[in-house]
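Student: Take this sequence and fold it.
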Amino acid sequence: MSTHVPASARGAQNAARHAATQPWLEALERLGYVVRGVVYGVMGYLALGLALSRSGAATDPAGSVAMLGASPFGRPLLVAVVIGLGAYSVWGFVRAIFDPWRRGSDPTGIAQRLGYAWSGFAYASLTLFALNLLAGGGTTTADTTQSAVRSILTLPAGRLLAIATGVVTIGVGIGQFAEADSAQLQKGVKQWEMSPVAKRLVLWLGRLGMFSRGVTFTLVGWFVLQAGLHRDPSGAHGYRGAFIFLLSQPYGHLFLAVVALGFVALGLHSLALARWARLLGSS
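Tutor: Numbers count the residues shown, from 1 in each chain. Okay, here's the model as predicted:
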């Protein structure tokens, strides 16, 4: 039996697609890739310093944004962060709804597109954090993952929800390893505009970056799962906790250095996507 889409729904969808392909929005989305690259690069650089026993720190994207805001050019940088990451948040929803990267509608494709929607929400939250800094709000050193799990555990079914969140986050981490597959990484770039050397470089930067994200997401998911199982939110940690955990293991400096270099690679990969990402208008 065929399905009939009302003309009003088709019109709304076409209008939304037209709005998402506006050149000014796509230019801002490319700025978002630049800002995202800087945020991840700062995270990786600081973690690498920690691994090499130099001055460094274990931080997360919000911590990177706070550091940019505290720099001598903090206010202009925060304006760029708000605009760029706000547009990048929109790009997450565009990828989820219009599927310009051809992920498809099979279970794997749906899971990836849901991940893009989650990215949209995550970067919207980071944008609001930067906007608060721009408005003169203070920063917080609290672990947001731990705070979120503490709130979840107060709910009637909080323990089960925390366990489910941990399992899903582990699944996302495993998905990052799968995302390092060359076919998946290359679907999102305009390969026809790239030289063979640029293709290989961008591919391997992406692979290293996805590997590091896979490690950290899997660890964060494990922390949240254990916090749910034991009803103890103090065991839940985000990026910072994952970095410190790696550092505390045998050969931890080496492990953290590898993961930190992966985040630097992820930042460089994002900068490359600012030039070569295949946005909706070029799909």
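
Student: I'd assumed Leu31 was in contact with Leu271.
Tutor: No - taking CB atoms under 8 Å as the definition, Leu271 is not a contact partner of Leu31, at 11.2 Å. Glycine gets a C-beta too; all of them are placed from N, C-alpha and C.

Student: Quick check: the residue nearest to Tyr45 when sequence neighbours are not counted vs Val167, distance?
Tutor: Nearest non-adjacent residue to Tyr45, counting by CB to CB, 6 or more residues apart in numbering: Val264, 6.3 Å away. According to CB to CB, to the nearest Å, Val264 stands 30 Å off from Val167.

Student: quick one: which of those two has more around it?
Tutor: Val264 (22 against 15; other CB atoms under 10 Å).

Student: what helix or strand does that one sit in?
Tutor: For Val264, the element it lies in under DSSP states H and E is helix 252-276.

Student: tell me which residues in that helix are buried?
Tutor: Within helix 252-276, the residues scored as buried using 16 or more other CB atoms under 10 Å are 255-274, 276.

Student: residues touching the residue nearest to Gly74 when sequence neighbours are not counted, list them.
Tutor: Distances taken as CB to CB, 6+ apart put Leu68 closest to Gly74, at 6.7 Å, once the chain neighbours are dropped. By CB atoms under 8 Å, 6 or more residues apart in numbering, the residues touching Leu68 are 38-39, 42, 74, 77-78, 81.

Student: show me what contacts His237?
Tutor: 143, 145-146, 220, 223, 244-245.

Student: Who wins on neighbours among those?
Tutor: Val220 (25 neighbours).

Student: show me what contacts it?
Tutor: 145, 169, 173, 237-239, 241-242.

Student: The residues you listed, buried ones only, as a PyMOL selection?
Tutor: Of the contacts of Val220, the buried ones go into a single PyMOL selection, burial set by 16+ other CB under 10 Å:
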select buried, resi 145+169+173+237+238+239+241+242
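
Student: any chance of the contacts of Val220 in JSON lines, with secondary structure and pLDDT too?
Tutor: Output for the contacts of Val220, formatted as JSON lines (DSSP: H, G, I helix; E, B strand; the rest coil; pLDDT from 0 to 100):
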{"residue": "Thr145", "secondary structure": "helix", "pLDDT": "90"}
{"residue": "Thr169", "secondary structure": "helix", "pLDDT": "94"}
{"residue": "Gly173", "secondary structure": "helix", "pLDDT": "92"}
{"residue": "His237", "secondary structure": "coil", "pLDDT": "94"}
{"residue": "Gly238", "secondary structure": "coil", "pLDDT": "94"}
{"residue": "Tyr239", "secondary structure": "helix", "pLDDT": "94"}
{"residue": "Gly241", "secondary structure": "helix", "pLDDT": "94"}
{"residue": "Ala242", "secondary structure": "helix", "pLDDT": "96"}
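
Student: Next, format the contacts of Val220 as JSON lines and append distance to Arg231.
Tutor: Below are those laid out as JSON lines (distance: CB to CB, whole Å):
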{"residue": "Thr145", "distance to Arg231": "16"}
{"residue": "Thr169", "distance to Arg231": "18"}
{"residue": "Gly173", "distance to Arg231": "23"}
{"residue": "His237", "distance to Arg231": "16"}
{"residue": "Gly238", "distance to Arg231": "19"}
{"residue": "Tyr239", "distance to Arg231": "23"}
{"residue": "Gly241", "distance to Arg231": "18"}
{"residue": "Ala242", "distance to Arg231": "21"}
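
Student: Now flag whichever of the contacts of Val220 is closest to Leu46.
Tutor: Tyr239 (10.8 Å; CB to CB).
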